[in-house]
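1. Sequence first, then the predicted structure, then my questions.
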Amino acid sequence: MTATPRETRYVSNIHYFGEPVYTYSLKQGIRDGFLAPYKVIKVHVDRDVEGYRPEKGQLDRRGEEVDDRIYNAKDFDRNLVLDGRTNLVARKVTEFLKESGDRFQKTIIFCVDREHAARMRQALVNENADLVAHNHRYVMRITGGDPEGQAELGNFIDPESAYPVLVTTSRLLSTGVDAQTCRLIVLDRPINSMTEFKQIVGRGTRVHEDTHKFYFTLMDFRGATSHFADPEFDGEPVQIYEPGEDDPITPPDDAGEPEPLQPDDEEVVVHDPSLPLPYPLGSTHKVYVDGIDATIIAERVEYLDEYGRLVTESLRDFTRKALKKRFASLDDFLRRWKAEQRKQAIIDELAGEGLALDVIVQEVNKDLDPFDLICHVAFDAKPLTRRERAANVKKRDVFSRYGEQARAVLDALLVKYADEGLLNLDDTAVLRIPPLNQLGTPLQLINAFGGRDQFVAAVHDLQDALYQETA
């Protein structure tokens, strides 16, 4: 069993093992809800697109003249280092996390090599100095030959561990790492191997229901996601290598392997943002040019459609079309919403189909709950904010039939909904967190309603009251 069959001129799984008995594609896995769908953000940097030619007499960091030629994307961070470009990538990643409202999304940044991963780590430290000051493990480099970083690998893939959050690497995390909660993958190195590209994408396709991770984002600075357009990406493996009777399955020179890493004997991991990055960190073959800025000249967002194709469309239009295919009319949606006692189940179902409402809400209005978001985006209904809905319930005084302690519980649940958008109000676990845990023990609070069934019924009445105007 393999997730990445190898079929090149030199290596053939099919020749060695025979034709596959069963094939299950990424597209099928996403459609069936076993794997997370993704969106792709393609970022085009001016230096990559236009190239960089040093001015006559341009000196590098060592004071030596830079060769007069045009450097392109293949050179950057391998032969020539422009710190302005590195800082731009780190700044863009940080902006994305800030705009998402969750700076603790587990993130992997794939770099050209270990030295590049160290520089990228420092650039991210500089951009996130507030969180690094709280815990230096917020940004870590995890690469081969780096014991300190490798010691944190288990914590990074552990859903229960908050740190590390942002991890820079070269190839170490491209295979064999079950990063279930990884929500952002950043590609800042060319990826020529289809097999390796599939393995990298696989770092994000894990679904993790406990943390509501049902999709992930690929941010591509190097054009690596062009592999998605290759039929080989999600197609049947095609056997290319047909060795003769005495030919080896794997010849000594495997052309299908990724480029080997350059040896780095003097690697250093810098944890203190105030410390200067040592030069040249074991990579004397690189030319470092300071003072050269880089800018983003184009950015495109692509989403996975129902056929498994990446399409370029505004997030709002994409979401509207997908929702209207899911719900034939506003009445159809309202019936489903009213019938479903556990509202979060509808949201989880949509997320499993690639409709991550927590992303679109950032674009439309952060204060809308999923109900209003769907009604507004798909059917142009006038939305109410969570606070407006909560205020309307209080005006109608729907809690008057309950005792004092039960009313206090319902009031606190209403505040929880208005502040945080909590939908699973009937989950008794909410009774253990502030401010409800200050009103009494969970058992005492449930008994204030006459028992668990009565508590659940009261919460469902509260939910019905929240959506009464539209329903």
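-> Nice, thanks for sending it over.

2. Any regions of the protein where pLDDT drops low?
-> Per-residue confidence for the chain (pLDDT under 70) gives these ranges: 1-16, 24-27, 30-33, 172-176, 229-284, 303-315, 352-354, 356, 359, 469-471.

3. Okay, helices next: where are they in the stretch 351-471 of the chain?
-> For the stretch 351-471 of the chain, the helices defined by DSSP state H, counting those that start in this stretch occupy 357-364, 370-379, 386-396, 404-420, 442-447, 452-466.

4. May I see the buried residues of the fourth one?
-> Along helix 404-420, the positions that meet the burial threshold by neighbour count (16 or more other Cβ atoms under 10 Å) are 406-414, 416-418. Any C-beta I mention is one placed from the backbone N, CA and C, and that applies to glycine too.

5. returning to what we had before: for the helices of the stretch 351-471 of the chain, which one sits closest to residue 205?
-> Within the helices of the stretch 351-471 of the chain, the stretch nearest residue 205 is helix 357-364; the backing value is 17.0 Å (Cβ to Cβ).

6. What are the buried residues along that closest one?
-> Judged by neighbour count using 16+ other Cβ under 10 Å, the buried positions of helix 357-364 are 357-361, 364.

7. now do stretch 327-345
-> Neighbour counts using 16+ other Cβ under 10 Å place 327, 330, 333-334, 337, 343 of stretch 327-345 among the buried residues.

8. The helices of the stretch 351-471 of the chain: which one's closest to residue 42?
-> Closest approach to residue 42 among these (Cβ to Cβ): helix 357-364, 16.7 Å.

9. which residues sit against that closest one?
-> The contact list for helix 357-364 (Cβ atoms under 8 Å, 6 or more residues apart in numbering) reads 39, 99-101, 212, 215, 315-316, 319, 347, 350-351, 368, 370, 373-374, 376-377.

10. All the strands of this structure, residue numbers only.
-> In the chain, the strands defined using DSSP state E lie at 38-45, 80-82, 106-110, 139-141, 166-169, 182-187, 216-220, 287-289, 296-304, 310-312.

11. Sheet partners, orientation included, of the third one?
-> Spelled out, that is strand 106-110. Partners of strand 106-110 in the sheet, by DSSP bridges, are strand 166-169 (parallel), strand 182-187 (parallel).

12. Show me the one of those strands that comes nearest residue 463.
-> Short answer: strand 182-187, nearest of the strands paired with strand 106-110 by Cβ to Cβ, at 28.7 Å.

13. ok so, going back, could you dump the helices of the stretch 351-471 of the chain into a markdown table with distance to residue 91 added?
-> Shown next, in a markdown table, are those (distance: least, Cβ to Cβ, whole Å):
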| stretch | distance to residue 91 |
| --- | --- |
| helix 357-364 | 19 |
| helix 370-379 | 29 |
| helix 386-396 | 32 |
| helix 404-420 | 30 |
| helix 442-447 | 46 |
| helix 452-466 | 40 |
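
14. Compare those and report which one is nearest to residue 182.
-> Nearest to residue 182 among the helices of the stretch 351-471 of the chain is helix 357-364 (16.1 Å), distances taken as Cβ to Cβ.

15. and the protein, what are its domains?
-> 13-300, 313-379, 386-466 (automatic domain parsing).

16. The second one: how far from the chain's middle?
-> When you say that, I think you mean domain 313-379. Here domain 313-379 is found 20 Å from its chain centre; the criterion is Cα atoms, centre = their mean, to the nearest Å.

17. Quick check, residue 107 in contact with residue 179.
-> No: in this structure residue 107 lies outside contact range of residue 179 using Cβ atoms under 8 Å: 9.8 Å.

18. Next, residue 205: phi, psi?
-> Here is the backbone geometry of residue 205 (degrees, to the nearest 10): phi -80, psi 0.

19. Could you measure from it over to residue 37?
-> Applying Cβ to Cβ, to the nearest Å, the value for residue 205 to residue 37 is 8 Å.

20. higher neighbour count, the two?
-> Between residue 205 and residue 37, counting by other Cβ atoms under 10 Å, residue 37 is the more crowded of the two (26 against 22).

21. gap between the more buried one and residue 299?
-> Counting by Cβ to Cβ, the separation of residue 37 from residue 299 is 20 Å.

22. before we move on, what about residue 110?
-> In terms of Cβ to Cβ, residue 110 sits 19 Å off from residue 299.

23. Give me the more crowded residue out of these two.
-> Taking neighbours as other Cβ under 10 Å, residue 110 and residue 299 compare with residue 110 leading, 27 against 11.

24. Make sure the more buried one is actually in contact with residue 182.
-> No: using Cβ under 8 Å, residue 110 makes no contact with residue 182, being 11.8 Å away.

25. between those two, what contacts are shared?
-> Counting by Cβ under 8 Å, 6+ apart, residue 110 and residue 182 have no shared contacts at all.

26. That's all I had, so thanks and see you.
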